[in-house]
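1. can you look at this prediction? I've put the sequence above it.
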Amino acid sequence: MKHILEVKELRKKFKNFTLDNISFNLEPGYIMGFIGPNGAGKSTTIKLIMNLIKKDEGEIKIFGKDHIKYEKEVKDRIGFVYDQNYYYEDLTINQMKNIVASFYSKWDDNQFSYYMHQFGLNPKSKIKTLSKGMKMKFSLAIALSHHADLIIMDEPTSGLDPVFRREILDILYDIIQDENKSIFFSTHITTDLEKIADYITFINNGKIVFSKSKDEVLESYAIVKGDPDILNEEIRKKFIGLRETKFGFEGLTDDFNVFKKTFGDRVLIEKASLEDIMVYSVRG
Ligand SMILES: Nc1ncnc2c1ncn2[C@@H]1O[C@H](COP(=O)(O)OP(=O)(O)OP(=O)(O)O)[C@@H](O)[C@H]1O
């Protein structure tokens, strides 16, 4: 099996939004971050992968198998964290865990107890008494306790404090040390991805902007800063996004050698962060 997750020409049309021609692949042993502004189509893509909503067109294969035809088998091997995980609020963590555990063939109670301890959660607490961050920790513990080969998460670190976020990143990093496992997750916290992602898939307005290795992404863009008087129509076209004030300009380009050659020391060329790439690409 070459790809653990294959999404090919995926389409879904809502009344006011179309997810159009989404294609990307994830190989075993890697972490892929899924980024894009609010409303770009991240959750919709994830719901389509998990068959929580029906696709209009396209193909999704997980572990080399069609995600609908082999849904039960495929989902048994996926650890899924979703920003609206539905739990019975009146049950305790342990009672809810017993219900969820029955769905997984490789459920591991020791692993779950380990995470309860690690995450500082009391299994006797009622779900309704948990804070947002604690509920997310509970969801993560469930996703990580059945020896999943693919972890899919929709904004798993939202609502978590920086200390716990770092702990989660370490856990995710440990998981992919097993080279047969992969992680696909959406996030707005691009600095987390700079730390641990191998691949970045960027979606904007229902379309894929790029799906590439993180190193390739970070090497192919730069921020150029300089004096406004060097800007003309031709030069402006070299920017993906540009911000101008009367004191200077700052812009994102994927053609920074041209600036180096043409302007030398008159421009400052700096590395672009994932956040820069996202913000300038979206704003234009
Ligand atoms: N069931 C639905 N019916 C109609 N439109 C929908 C439905 N679900 C999502 N949409 C629309 O699809 C678009 C993409 O939404 P989606 O939740 O996938 O974005 P997102 O990238 O996850 O955003 P965020 O970062 O804010 O979570 C939005 O315009 C949203 O209004």
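-> Sure, I can see it. Keep in mind it's a predicted model, so treat the numbers as computed, not measured. Residues are numbered from 1 along each chain as shown.

2. contacts, neighbours, all on C-alpha from now
-> Will do.

3. and the residue nearest to Ile53 when sequence neighbours are not counted, what element?
-> Excluding the flanking residues, the one nearest Ile53 by C-alpha to C-alpha, 6 or more residues apart in numbering is Lys47, at 5.9 Å. When elements are assigned from DSSP states H and E, Lys47 belongs to helix 42-49.

4. hmm, that helix in reach of the ligand?
-> Yes: for helix 42-49, a contact with the ligand is found by C-alpha under 6 Å from any ligand atom, at Lys42, Ser43, Thr44.

5. any chance of the residues you listed in CSV, plus neighbour count?
-> Listed next are the residues of helix 42-49 next to the ligand as CSV, based on neighbours: other C-alpha atoms under 10 Å:
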residue, neighbour count
Lys42, 26
Ser43, 18
Thr44, 19
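
6. residue contacts, Lys237?
-> Lys237 makes contact with no residue under the criterion C-alpha atoms under 8 Å, 6 or more residues apart in numbering.

7. if we can go back for a sec, after the helix holding Lys47 comes which helix or strand?
-> Immediately after helix 42-49, counting by DSSP H and E, sits strand 57-62.

8. so for the following helix or strand past that following strand, mean pLDDT?
-> Scanning forward in sequence from strand 57-62 by DSSP H and E, the next helix or strand is strand 65-66. Summarised as a single mean, pLDDT over strand 65-66 is 96.

9. strands paired with strand 65-66, and their directions?
-> Sheet pairing of strand 65-66 (DSSP bridges) gives strand 57-62 (antiparallel).

10. surely Lys13 is in contact with Asp56?
-> Yes: applying C-alpha atoms under 8 Å, one finds Lys13 in contact with Asp56, separated by 7.2 Å.

11. which parts of stretch 6-19 are buried?
-> Glu6, Val7, Lys8, Leu10, Arg11, Lys12, Thr18, Leu19 (16 or more other C-alpha atoms under 10 Å).

12. in helices, which of these appear?
-> Among the buried residues of stretch 6-19, no member falls in helices (DSSP state H).

13. now the strands for the stretch 151-284 of the chain?
-> 182-186, 199-204, 207-213, 222-226, 241-244, 249-253, 267-271 (DSSP state E, counting those that start in this stretch).

14. mind giving me a markdown table with the ones you listed and columns for mean pLDDT?
-> Putting the strands of the stretch 151-284 of the chain into a markdown table (pLDDT from 0 to 100) gives the following:
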| stretch | mean pLDDT |
| --- | --- |
| strand 182-186 | 96 |
| strand 199-204 | 96 |
| strand 207-213 | 96 |
| strand 222-226 | 94 |
| strand 241-244 | 91 |
| strand 249-253 | 93 |
| strand 267-271 | 92 |
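
15. dump the ones you listed to a markdown table, plus mean neighbour count and distance to the ligand.
-> Output for the strands of the stretch 151-284 of the chain, formatted as a markdown table (neighbours: other C-alpha atoms under 10 Å; distance: least, C-alpha to the nearest ligand atom, whole Å):
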| stretch | mean neighbour count | distance to the ligand |
| --- | --- | --- |
| strand 182-186 | 25 | 8 |
| strand 199-204 | 23 | 8 |
| strand 207-213 | 17 | 11 |
| strand 222-226 | 21 | 25 |
| strand 241-244 | 17 | 21 |
| strand 249-253 | 23 | 22 |
| strand 267-271 | 16 | 25 |
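
16. show me the shaky parts of the chain.
-> Scanning the chain for pLDDT under 70 picks out the ranges 1, 83-85.

17. Arg77: how many residues sit nearby?
-> 20 (other C-alpha atoms under 10 Å).

18. okay, helices next: where are they in the stretch 1-150 of the chain?
-> Assigned by DSSP state H, counting those that start in this stretch, the stretch 1-150 of the chain shows helices spanning 42-49, 71-76, 93-101, 109-118, 132-143.
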